[in-house]
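Novice: Predicted coordinates and the sequence they were generated for:
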Amino acid sequence: MSGGTSSTAPATVIHMDGGKAPAAAPAPSSSSSSSYATAPSGGLPFLLRSGAGGFRRCLAVVDFLLRVAALGPTLAAAISTGTADERLSVFTQFLQFHARFDDFPALTFLVVANAAAAGYLVLSLPFAAVGVLRPRAAGGAVRLVLLACDVAAMALLTAAGAAAAAVVYVAHWGNRRAGWVPICMQFHGFCQRTSGAVVATFLAVLVFVVLVVMAACAVRRR
């Protein structure tokens, strides 16, 4: 100590981060925020990537699948009714009662209508496939022809199903006023086949209704 003054030692500063200043947090880039606003086109379904063309292709796919779905009930109804044949032996084998589909004109009409509708559906599948693969190639004339044929097939199946339903109802319940007795108590297999065919026919009619509505909407959009 000299001259009455005391010397103070300089303060030491200890840096905990090795003498480096803390790095500033990176600012959020605008590209990351904009990635949520605009999704890449690769994430969209294949049928909806091309706008109106994708929508037409989606309708064409549904149309094709509905035609394949309607083919099953029509074939099942035609085969089930066409093979409806049952014999009933009473007392002896020489006295037999026979129930066959061609004994009833309404059931014969049901077989013909379902067979015709099934054949039409098979023939319409290539045109429906063209609408799936090349939506622009399927012109308005083809759509109009398919729409007219769908309406005709729907009307044919509706008429055949209604006529067969009346016969099946009488076979199940009879008619007391006319003196018609029910035959399904004896001919179980025959009635089961014809009843199932009527239900399958109306399922096919329902599918044709959806096809007609879709085709009408597609033609109107064009």
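Specialist: The structure has been received and is ready for your questions. Numbers count the residues shown, from 1 in each chain.

Novice: Please list all residues in contact with residue 210.
Specialist: Residue 210 sits next to residue 66 when contact means CB atoms under 8 Å, 6 or more residues apart in numbering. From N, CA and C alone the C-beta is placed, and that goes for glycine too.

Novice: so for stretch 126-138, what's the average pLDDT?
Specialist: Throughout stretch 126-138, pLDDT has a mean value of 74.

Novice: swap in stretch 70-80?
Specialist: 95.

Novice: neighbouring contacts of that stretch?
Specialist: Looking at what lies outside stretch 70-80 - CB under 8 Å, 6+ apart - the contacts are 110-111, 114-115, 117-118, 121-122, 157, 193-194, 196-198, 200-201, 203-204, 207-208, 211.

Novice: And for stretch 188-199?
Specialist: Stretch 188-199 is contacted from outside by 76-78, 80-81, 83-86, 99, 101, 107, 110, 114, 161, 164-165, 167-168, 171-172, 183-184, using CB under 8 Å, 6+ apart.

Novice: Among those residues, name the buried ones.
Specialist: 76-78, 80-81, 84, 86, 99, 101, 107, 110, 114, 161, 164-165, 167-168, 171, 183-184 (16 or more other CB atoms under 10 Å).

Novice: pull the helix or strand with minimum mean pLDDT from this protein.
Specialist: Using mean pLDDT, DSSP states H and E, helix 30-37 stands out as the lowest-scoring helix or strand of the chain, at a mean of 43.

Novice: does residue 150 belong to a helix or a strand, and which?
Specialist: Secondary-structure element containing residue 150, defined by DSSP states H and E: helix 140-173.

Novice: quick one: buried residues of that helix?
Specialist: 143, 146-147, 149-151, 153-154, 156-158, 160-161, 163-165, 167-168, 170-171.

Novice: Now the next helix or strand after that helix: buried residues?
Specialist: Proceeding N to C from helix 140-173, the next assigned helix or strand is helix 188-221, under DSSP H and E. Neighbour-count burial for helix 188-221 flags 190-191, 193-198, 200-205, 207-208, 211-212, 214-215, 218 (criterion: 16+ other CB under 10 Å).

Novice: Surely residue 187 touches residue 100?
Specialist: No: counting by CB atoms under 8 Å, residue 187 does not reach residue 100; the two are 10.2 Å apart.

Novice: Look up the closest residue to residue 160, ignoring the ones flanking it.
Specialist: residue 113 (3.5 Å; CB to CB, 6 or more residues apart in numbering).
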